[in-house]
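Peer 1: Next input, structure requested:
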Amino acid sequence: MVLGALLAAAMIPTNLQCEYLTNPLGIDCPRPRLSWALESGRRGDTQCAYQVQVASSVERLRRGRPDLWDSGKVTSSQSLGIAYDGQPLGTGARAWWRVRVWDGAGKVSRYSPPAWWEMALTAPTEWRARWIADSRPEPQSDAERFGDNPAPLFRREFSLGKEIRRARAYVTGLGYYELYLNGQKVGDQVLDPGWTTYSRRVLYATHDVTTLLRRGANAVGLLAGNGWYNPLPLRLWGRINLREYLPVGPPRVLLQLEVEYADGTRERLVTDEHWRVGDSPILRNSLYLGEVYDARQEQPGWAQPGFDDSAWRPARIATEPVGPLQAQTAPPIRATETLRPVAVSEPQPGVFIFDLGQNFAGWVTLRVRGPAGTRIQLRYGELLAPDGTLNPLTSVCGQIKRQEAPPGSGEPATAWQSDTYVLRGDGLEHYTPRFTWHAFRYVEVSGFPGTPTRDALEGHRLHSAVESVGSFACSNELLNRVQTVTRRTLLSNVFSVQSDCPHRERFGYGGDIVAASEMALLNFDMAQFYAKTVRDFADAQRENGGFTETAPFVGIADAGFGGDSGPIGWGTAHPLLLWQLYQYYGNRALLAEQYDAARRWLALLEANAPEHLIDAGIGDHESLVPKETAVSGTAFYYYNAHLMAKIARALDRAADAERYANLAAAIREAFCRRFLDPETGRIGTGTQANQAFALAYDLVPPPQRERVLAYLVRDILEERGGHLTTGIFGTKHLLHALTACGRGDVAYTVASKKTFPSWGYMLEHGATTLWETWAFSDNTFSHNHPMFGSVSEWFFKALAGIQPHPDAVGFDQVIVRPQVVGDLTWAKGSYRSVRGPITSEWRREGETLLLDVSLPPNTTGTVYLPTTDPDAVSEGGRPAAEAEGVTFVGHAEGECLYRIGGGTYHFVVTGLRP
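Peer 2: Model prediction:
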């Protein structure tokens with residue numbers, strides 16, 4: 001009984017991760033980083049030492065024989081990013097590991113349950129496979145590219161002569177691929193691999209295919225799609241042809257199948273010139289225009305043994321150069337939810353509209369019976385016209401909307417999102433696209449034989465499979481709806497890159513990341529997704545050091561610094577993500593890896609900043625008032641220098657840190673000299689964005705902050721009736737600045753509005769995802785844009801009160817500072833940090849505030865409570881000053897501050913002002 005109680009209270013390592021992944025299959029870094037969280041029943045528990053053991057089998061590990069590595073007892077509180085320092089691991093090696101820890105009293109925990117990681121191909125020389133492609137001639141003109149070009153099928157038969165112990169498939173394809181073994185699709189990911197600058201880096205996947213192989217005859221098949229590697233020569237906005245900017249070529253595939261027999265011998269199958277190629281029923285496939293699928297052209301059994309491929313042609317070795325291969329660790333794209341139609345209508349004879357109930361990104365499954373050759377067209381859109389017909393104009397690729405196509409080009413007049421299915425005519429048929437995706441709420445179905453019922457079609461939500469780690473709710477139902485819509489919008493826009501919109505463009509715009517990355521971090525596990533994003537921007541970095549507007553680079557270079565560099569607010573995505581990944585996940589290795597790229601970017605900014613000012617960039621995109629790019633440009637310049645000083649300091653580069661800190665100070669002085677009116681507090685022309693930039697980035701000295709704040713508050717409440725006028729960046733900074741400066745009440749007023757412009761206005765006008773603009777658009781602007789999703793970040797940080805301390809490393813320091821404002825009576829939030837769960841939940845009952853806070857072990861927190869009287873605060877039923885693990889720190893801006901460690905706390909504050 002006593003022993004059980006002690007064990008229940010003891011600190012326990014849990015949630016073991018390797019490279020921020022749980023039991024990853026296929027990583028290629030030689031010294032992977034190991035991390036764990038901690039659980040404890042005691043307050044204030046901290047880790048003072050750890051011991052990691054790694055073995056070649058789980059049996060060896062359990063017997064205490066770690067033949068690969070035993071760290072011994074290491075005196076350290078570190079539980080993140082511990083680099084493996086054991087025996088070198090070869091291709092396919094699986095390492096089992098466990099950890100135990102010592103607490104502050106010197107007591108050792110039990111060992112954790114075992115976890116594992118498995119290596120992929122550990123060196124380029126390990127690859128024996130060769131890229132293969134179709135041997136038929138490529139299209140020679142744009143018109144031919146827009147015509148039928150069936151997606152190629154690749155196949156090979158082989159025999160396995162012994163009992164199989166295990167088998168791994170290392171596979172990729174450009175643009176996309178599907179792998180089949182003995183007729184079964186391998187894996188549940190779709191639209192694979194993730195998009196990169198293919199001339200710099202190509203990602204591959206590792207699959208455990210042991211159960212899909214058998215002794216005797218086997219067959220392997222690969223289906224290849226165009227993806228981003230073979231885009232159609234559409235001219236977006238009439239000028240940008242992706243084929244002129246992306247590494248392009250015909251679809252190609254690469255496979256290395258490694259088989260280990262029970263007797264320890266091995267066999268290998270690779271893609272080479274001995275493979276055969278045939279035509280699939282996917283006659284056309286385009287990311288933007290969709291698919292044309294003729295089911296009459298299907299070849300049953302093509303990926304099974306015994307199929308007659310004598311009429312197929314030989315594969316050719318693909319010699320077009322691409323970048324080196326890298327194991328894919330960012331989450332793959334998966335189908336995560338099925339959506340059923342909420343209504344079906346027939347606004348015109350034979351034209352049916354399926355309403356899926358919400359805007360989302362993904363595809364559909366069509367179920368149909370009918371005569372062979374029947375041609376069904378699916379078109380997708382976000383809106384309906386007043387007469388109930390489809391209005392797809394907000395989702396047209398690159399604004400390609402014309403009365404007629406250019407003669408002889410083959411290009412469509414209007415670049416609709418659509419799919420076409422041709423029936424084979426032998427009973428119930430199912431069609432789901434493979435190498436495209438769409439963003440839509442409504443599906444227009446024409447050519448359907450008869451009248452479809454609701455079960456004739458269903459939607460499938462697709463997105464990179466980022467795991468949900470955050471939740472928020474409060475007593476204001478409007479804000480709860482905004483939270484739901486924001487999360488839905490973000491998921492619509494994570495398809496291996498974080499896009500601006502999932503239909504019209506689909507590109508990885510840096511500005512949208514700068515605006516919404518912290519919202520994403522608080523809601524989802526973005527550790528590996530954003531690490532890929534950082535590398536995407538580094539891969540696209542220009543010779544002059546500039547980061548591009550999008551990564552990968554697609555030819556868009558607005559208001560940059562020459563050499564195809566992008567605008568300053570968009571290039572800031574790289575250093576900002578670097579710092580956020582350090583704050584949220586403790587990823588110091590990425591800081592070191594990317595330091596030179598970030599340094600080159602700042603050097604370019606310095607070279608373009610006479611008198612420490614930058615008047616360049618796009619500015620506060622979609623602002624409702626004229627933008628002042630000199631203010632935003634200089635503010636971003638300051639912020640980049642500030643970030644680089646912090647990054648250099650984290651990497652122990654003291655001289656660099658001092659230089660960048662001095663540069664930031666000089667920029668700040670220049671900013672105030674040029675833009676600050678010290679008498680009125682106006683920044684430049686005094687827009688809300690200008691004021692918010694100055695306050696959020698701490699660009700004005702303390703004596704003027706109150707005036708800058710007062711000017712902003714006056715504009716919001718007196719000039720704008722409680723509304724904002726801000727765009728992509730100003731909106732994020734507005735809410736943050738108001739709250740940090742003690743006017744969370746004004747931020748709440750702005751966030752709670754239902755009239756134009758506001759989030760509530762969008763919802764009142766039917767939005768189920770966030771719009772690109774504050775105003776409703778029925779033609780041009782996207783209805784699925786995450787850039788205004790920064791409001792969700794504010795929900796977590798302000799209303800729930802959960803935020804990382806400015807000096808946090810992997811969320812080891814937490815600020816809990818809930819805003820008890822407006823008509824809110826309760827709010828709650830949770831965030832599963834890399835160190836463990838953090839929760840904050842408060843309720844107001846008259847003049848009393850009840851606040852429950854929970855932090856994981858090995859962290860500290862500062863709790864801000866809305867009173868100046870420490871005697872009005874209790875914790876756990878006793879005065880807070882006497883409570884275990886609670887330390888009164890002092891007063892700040894009308895609040896009492898308390899320091900806590902890991903554990904669960906119940907604070908009560910009495911005497912609140914009405």
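Peer 1: Which secondary structure elements does the helix or strand containing Q51 sit against?
Peer 2: Assessed by DSSP states H and E, Q51 sits inside strand 47-55. With contacts defined as 3 or more C-beta pairs under 8 Å, 6 or more residues apart in numbering; DSSP states H and E, strand 47-55 has these neighbours: helix 58-62, strand 69-70, strand 74-75, strand 94-103. The way it works is simple: take the backbone N, C-alpha and C, and place the C-beta from them, glycine included.
Peer 1: other SSEs contacting the third one?
Peer 2: The helices and strands touching strand 74-75, judged by 3+ C-beta pairs under 8 Å, 6+ apart, are strand 47-55.
Peer 1: what lines up beside the strand it packs on in the sheet?
Peer 2: Using DSSP bridges, strand 47-55 pairs in its sheet with strand 69-70 (antiparallel), strand 74-75 (antiparallel), strand 94-103 (antiparallel).
Peer 1: Figure out which of those is closest to R60.
Peer 2: strand 94-103 (7.6 Å; C-beta to C-beta).
Peer 1: What is the subsequent helix or strand relative to the closest one?
Peer 2: Past strand 94-103, the next helix or strand by DSSP H and E is strand 115-119.
Peer 1: per-residue confidence averaged over that next one?
Peer 2: Across strand 115-119, pLDDT averages out at 99.
Peer 1: Same check on stretch 456-463?
Peer 2: The pLDDT scores in stretch 456-463 average 99.
Peer 1: can I have it written out in CSV, keeping just the CAs?
Peer 2: Taking Å, rounded to 0.1, in the frame of the first residue of the first chain, the C-alpha atoms of stretch 456-463 are listed here in CSV:
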residue,chain,number,x,y,z
ALA,A,456,-24.0,8.8,-54.3
LEU,A,457,-21.2,11.1,-53.1
GLU,A,458,-19.1,11.7,-50.0
GLY,A,459,-16.3,14.0,-49.2
HIS,A,460,-12.9,13.2,-47.7
ARG,A,461,-10.9,15.7,-45.8
LEU,A,462,-7.2,15.5,-46.6
HIS,A,463,-4.2,17.3,-45.0
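Peer 1: what sits up against it?
Peer 2: 190-191, 333-341, 354, 356, 360-368, 432, 437, 443, 445, 448, 491-492, 494-495 (C-beta atoms under 8 Å, 6 or more residues apart in numbering).
Peer 1: Report the buried members of these.
Peer 2: Buried members of these, counted by 16 or more other C-beta atoms under 10 Å: 190-191, 333-335, 339, 341, 354, 356, 360-364, 366, 368, 432, 437, 443, 445, 448, 491-492, 494-495.
Peer 1: Strands - which of the residues you listed land there?
Peer 2: Counting by DSSP state E, the part of these found in strands is 333-335, 339, 354, 356, 360-364, 366, 368, 443, 445.
Peer 1: residues contacting the closest residue to G44 other than its chain neighbours?
Peer 2: Residue nearest to G44 in three dimensions, not counting chain neighbours: G901, with 3.3 Å by C-beta to C-beta, 6 or more residues apart in numbering. By C-beta under 8 Å, 6+ apart, the contact list for G901 reads R43, G44, D45, T46, L855, P857, T859, T860, G861, G885.
Peer 1: Now secondary structure and distance to A664 too, for these, in TSV please.
Peer 2: Below are the contacts of G901 laid out as TSV (DSSP: H, G, I helix; E, B strand; the rest coil; distance: C-beta to C-beta, whole Å):
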residue	secondary structure	distance to A664
R43	coil	39
G44	coil	36
D45	coil	38
T46	coil	33
L855	strand	31
P857	strand	35
T859	strand	29
T860	strand	27
G861	strand	28
G885	coil	37
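Peer 1: Which of the residues you listed has the largest number of neighbours?
Peer 2: Using other C-beta atoms under 10 Å as the neighbour test, the contacts of G901 are led by L855, with 28 neighbours.
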